[in-house]
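>>> let's see this in three dimensions:
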Amino acid sequence: MRMWPSVLVLVITTIGLGSLSVLGSTAVPPTVKLPSGMLEGVVFGPSPNDVAFLGVPYAAPPVGELRWKPPEPVAQWAGIRKASAYGPVCPQLPQGWLLYLPGQEDCLYLNIWTPRVSESAKLPVIVFFHGGSNTAGYSQYTPLGPPLSELGVVVVTANYRLGPFGFFAHPALTAESPHHSSGNYGLLDQIQALRWVHDNISRFGGDPARVTAMGQSSGAVDVCMLMASPSAKGLFHAAILESGECQSTLNEDIRQTIAYNGIEGSGEAVGKRLASDLGVSHGADCLQKLRNVSTEAILQAWSKDPQVHFDAIVDGWVVPGQPAKIFAERKQLPVPILIGSNADEATVFGHDLKTVDQYKKYLQQDTGKFADEELAAYPVQSDADVPAQYIHLQNDSFAYGAYSMAVRVTGGGEHAYLYNFTFVETGKRARLGAYHGLELNFLANSYPPDWEHSAAGKELGEYICRYWTQFAKMGDPNYAGASEWPVFSVQRDQYLELGRTARLGTVSPSVQAMARLMAKVLAATGNSADSHN
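The predicted structure is shown next:
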């Protein structure tokens, strides 16, 4: 219902990077020959077939004249390139939720985990894009590769350009582009990663005709954006979106100011502001000056200006129009989806809304002339009511986004599987409920040291990993012995609850009310008709 704010990030601070270490082996190191050169991987598990290739370049370094340009192909290398360590992290500012690793602009690398290095294997492939509001994060943060690949899939994770390096729009860049667009370089990196997978994954045992694009938080938003992008056509055949999507509301435009969803300004306006902060005015040598600015200076300027923000935008090329309209007109890529949200997403997000007046101002920025209806749906009587009602609104926003995405995809003739994750820890984080990103612990089979393990938690982890990988294999998450997960239908509005038990639930009246409200917003802006079309 609103643009992901800077605090809307992958917030599992407790998955230690130490759990990402790859185990060596006395086995002969596996090798794969690519058009760009020879790779030597590493065995990461007890079986010699459990093989990882880490830090594999999928594009040329986006530095110098390639800064703020679409990614270029990888250059060839001589000899054998060792692929036993993660590639560099993309530049970003330190975040309280994430171990800070110094980044560099030469960061377009991916990682591959496979249970069988053989072109005859033809295993399904999952390509995962990390969360972090498109401003932070890195591919090795959530160790999904080892546990999921053991279930018979090839897993790929990738870094992509972030913040002012990945989503910087500017009139001079737009003028330079043959597509008359700028920004979305991070999305172009993701498309390039998927293209690399399409061209090369068979050498690692993967099937290029069975690729599932998967993302969490902003990574899920990006996957949704790719579904709205003709540039991604044919590069993936299914999608998994955890706690994020792009079509339930309006997204920032490259030039047009949009008075909804808390959007302030346009993509190019934000870019001009950063350029000004860097002391670069618009002129004939503007781009040369900007490309000569150091990485550190750009990060410093960004850190000092709270009005400078970066995310995927509607640029007229990569994302040709508002995703809400693209999905409403059924012009998105026709792929099945597995999508859902967590019951208590927003309990870990900070906010500065303390009074009724601040809350009402927020609603005005969110839904404009429909703010009174939003207030009626999420009322407050006093300042004391604001924090809880705001969290309720945010939680419903995630659930509504997933629900509306299921409605749209189903309306386009594809299958959708909707879930709601409700598992609550029993330790010190129990007060947070089923918070944003918690499900990744189960998918990675990686938990904080103080995690209180239980039989129910172990069973849920097995369920989720099997559901996700089965969906990648068949486009249907159901498998023998598991609770049935029905295809989403607007006649039933059912989802599968994933908690201490797996059972069917029905979309709540408040989420359905939000869908009706947002149908009015999107219709008023010319981006939708009826929410069930």
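>>> what ranges does the stretch 151-300 of the chain have for its helices?
For the stretch 151-300 of the chain, the helices defined by DSSP state H, counting those that start in this stretch occupy 163-166, 171-176, 185-200, 218-227, 267-277, 286-292, 295-304.
>>> neighbouring strands for whichever strand in the chain runs longest, and are they parallel or not?
Longest strand in the chain by number of residues (criterion: DSSP state E): strand 206-216. Its sheet considered, strand 206-216 pairs with strand 123-129 (parallel), strand 238-242 (parallel) by DSSP bridges.
>>> where does pLDDT dip in the stretch 401-533 of the chain?
Residues of the stretch 401-533 of the chain meeting the criterion pLDDT under 70: 529-533.
>>> where do the helices sit along it?
Under DSSP H, counting those that start in this stretch, the stretch 401-533 of the chain gives helices at 439-444, 455-474, 509-524.
>>> for P334, find the nearest of these.
helix 455-474 (16.2 Å; Cβ to Cβ). Every C-beta, even on glycine, is put in place using the N, C-alpha and C of the backbone.
>>> that closest one versus strand 238-242: what angle between them?
Angle, helix 455-474 to strand 238-242, by axes from the mean of the first three to the mean of the last three Cα atoms, to 10 degrees: 150 degrees.
>>> when you give positions from now on, start the count at 329
From this message on, residue numbering opens at 329, which makes the last subject helix 783-802.
>>> just the buried positions in stretch 710-728, please.
V714, Q717, Y718, I719, L721, Q722, N723, D724, S725, F726, A727, Y728 (16 or more other Cβ atoms under 10 Å).
>>> roughly how far out does that stretch sit from the chain middle?
Its chain's average C-alpha position is 23 Å from that of stretch 710-728, according to Cα atoms, centre = their mean, to the nearest Å.
>>> still on that earlier bit, could you list which of the buried residues of stretch 710-728 belong to helices?
V714, Q717, Y718, I719, L721, Q722, N723, D724, S725, F726, A727, Y728 (DSSP state H).
>>> tell me the confidence at the last one?
According to the per-residue confidence, Y728 scores 97 in pLDDT.
>>> measure it to A705 for me?
For Y728, the distance to A705 equals 11 Å [Cβ to Cβ, to the nearest Å].
>>> between the two, what contacts are shared?
M842 (Cβ atoms under 8 Å, 6 or more residues apart in numbering).
>>> burial of the residue nearest to H526 when sequence neighbours are not counted, as a residue count?
The shortest distance from H526 to any non-neighbouring residue, by Cβ to Cβ, 6 or more residues apart in numbering, is to P536 (4.8 Å). By other Cβ atoms under 10 Å, the residues close to P536 number 18.
>>> what sits against P536?
For P536, the contact set (Cβ under 8 Å, 6+ apart) comprises V453, V525, H526, D527, I529, S530.
>>> run the last query once more with 6 Å
Residues in contact with P536, defined by Cβ atoms under 6 Å, 6 or more residues apart in numbering, are H526, I529, S530.
>>> make TSV out of those and add pLDDT, distance to P664 and neighbour count.
Shown next, in TSV, are these (pLDDT from 0 to 100; distance: Cβ to Cβ, whole Å; neighbours: other Cβ atoms under 10 Å):
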residue	pLDDT	distance to P664	neighbour count
H526	98	18	18
I529	98	20	24
S530	98	22	20
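>>> looking at those, spot the one nearest A830.
The closest of those, once distances to A830 are taken by Cβ to Cβ, is I529, at 31.2 Å.
>>> for the closest one, what are its contacts?
Going by Cβ under 6 Å, 6+ apart, I529 touches V453, P536.
>>> any idea how far it lies from W441?
I529 is 12 Å from W441, by Cβ to Cβ.
>>> repeat for G729
Counting by Cβ to Cβ, the gap from G729 to W441 is 30 Å.
>>> same check on E825?
Taking Cβ to Cβ, one finds E825 at 29 Å from W441.
>>> so N487 is in contact with Q420, correct?
No - using Cβ atoms under 6 Å, N487 is not in contact with Q420; the gap is 10.5 Å.
>>> picking that back up, can you lay out the helices of the stretch 729-861 of the chain as a markdown table showing distance to E624?
Listed next are those as a markdown table, based on distance: least, Cβ to Cβ, whole Å:
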| stretch | distance to E624 |
| --- | --- |
| helix 767-772 | 31 |
| helix 783-802 | 39 |
| helix 837-852 | 41 |
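>>> just those helices: most buried one?
helix 767-772 (a mean of 23; mean count of other Cβ atoms under 10 Å).
>>> any residues touching it, and which ones?
I340, T470, P471, L472, F749, Y775, L788, G789, I792.
>>> which residue is the nearest non-sequential neighbour of the fourth one?
In space, L472 comes closest to A772 once its chain neighbours are excluded; the distance is 5.3 Å by Cβ to Cβ, 6+ apart.
>>> quick one: neighbours of the residue lying closest to F751 once chain neighbours are set aside, just the number.
Distances taken as Cβ to Cβ, 6+ apart put G827 closest to F751, at 4.8 Å, once the chain neighbours are dropped. Neighbour count of G827, defined by other Cβ under 10 Å: 16.
>>> got it, and Y807?
15.
>>> check contacts around the spatially most central residue of the chain.
The centre of the chain sits closest to G547, judged by Cα atoms, centre = their mean, with a distance of 0.7 Å. Residues counted as contacts of G547 (Cβ under 6 Å, 6+ apart) are F457, H458, G459.
>>> helices or strands next to the helix or strand harbouring P475 in the packing?
Here P475, judged by DSSP states H and E, is contained in helix 473-477. Applying 3 or more Cβ pairs under 6 Å, 6 or more residues apart in numbering; DSSP states H and E, we find helix 473-477 packed against strand 482-486.
>>> name the residues that touch the strand it packs on?
438-442, 451, 453-456, 467, 472-473, 476-477, 521, 525, 532-534.
>>> ok, now with 7 Å
With contact meaning Cβ atoms under 7 Å, 6 or more residues apart in numbering, strand 482-486 is reached by 386, 438-442, 451, 453-457, 467, 472-473, 476-477, 521, 525, 529, 532-534.
>>> likewise stretch 807-825?
So stretch 807-825 is contacted by 668, 734-735, 738, 743-748, 750, 791, 794-795, 798, 805-806, 830-835, 860 (Cβ under 7 Å, 6+ apart).
>>> now stretch 651-667: buried residues?
651-656, 660-661, 663-667.
>>> which of these sit farthest apart?
Farthest-apart pair in those is K653 and L666; separation 23.9 Å (Cβ to Cβ).
>>> how many residues are close by the closest residue to F749 other than its chain neighbours?
Nearest non-adjacent residue to F749, counting by Cβ to Cβ, 6+ apart: N670, 4.4 Å away. N670: 26 surrounding residues under other Cβ under 10 Å.
>>> all good on my end, thank you.
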